[in-house]
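S.K.: A structural model of the following input is requested.
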Amino acid sequence: MAFSGCFRSRNTVSICILAWVLLVGCQKHSPATSTISVGDAEGRNPVEATPAAVSQGRKLYASSDCAICHGKEGDGKGVLARDINMNTRNWHDPNSLAALTDGALFFTLARGKGRMPGYEKRETPDQIWQMVDYIRSLGGK
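M.R.: All right, here's what the predicted structure looks like:
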């Protein structure tokens, strides 16, 4: 079997299963899924960026698999992104966030884009807004 070398240890098996799940979940979305309407892009974040909201957003970022591609600290250098040559943003660079409205970030997190899966079925709207607050905090806002 082609993957027989992958199953030598319990840790390797876990990594292989995680990679398979992520790759299956990160398939290309249809163009309609990634097209943001003007109304969605202009959406305002109803969750105030309090320290508690940002902290909760960070926990959600970590538990929602964002770090695998976008990096544990949001630097765009996640393990999976390096392994499959994904071009992810460095959220610490204010220029990465400058052209993105809160509504656009929310839409992308909720619906997904390219290989990135959407989280609207896994997280509540308020939780997605908290992740927007956390991502914004990385860029100094």
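S.K.: Now do Arg136, the pLDDT please.
M.R.: If you check Arg136, the pLDDT there is 94.
S.K.: For it, what are phi and psi?
M.R.: Backbone torsions for Arg136, taken as degrees, to the nearest 10, come to phi -60, psi -40.
S.K.: for Arg58, same thing?
M.R.: Arg58 adopts backbone torsions of phi -60, psi -40, taken as degrees, to the nearest 10.
S.K.: Ignoring the adjacent residues along the chain, who's closest to it?
M.R.: Tyr134 (4.8 Å; C-beta to C-beta, 6 or more residues apart in numbering). To be clear about C-beta, it is placed using only N, CA and C from the backbone, and glycine gets the same treatment.
S.K.: which residues sit against the helix or strand hosting that neighbour?
M.R.: Tyr134 belongs to helix 125-138 when assigned by DSSP states H and E. Contact with helix 125-138 is made by 45-47, 49, 53-54, 56-58, 60-61, 64, 66, 73-74, 91-92, 97, 102, 105-106, 109-110, 119-120, 123, as judged by C-beta atoms under 8 Å, 6 or more residues apart in numbering.
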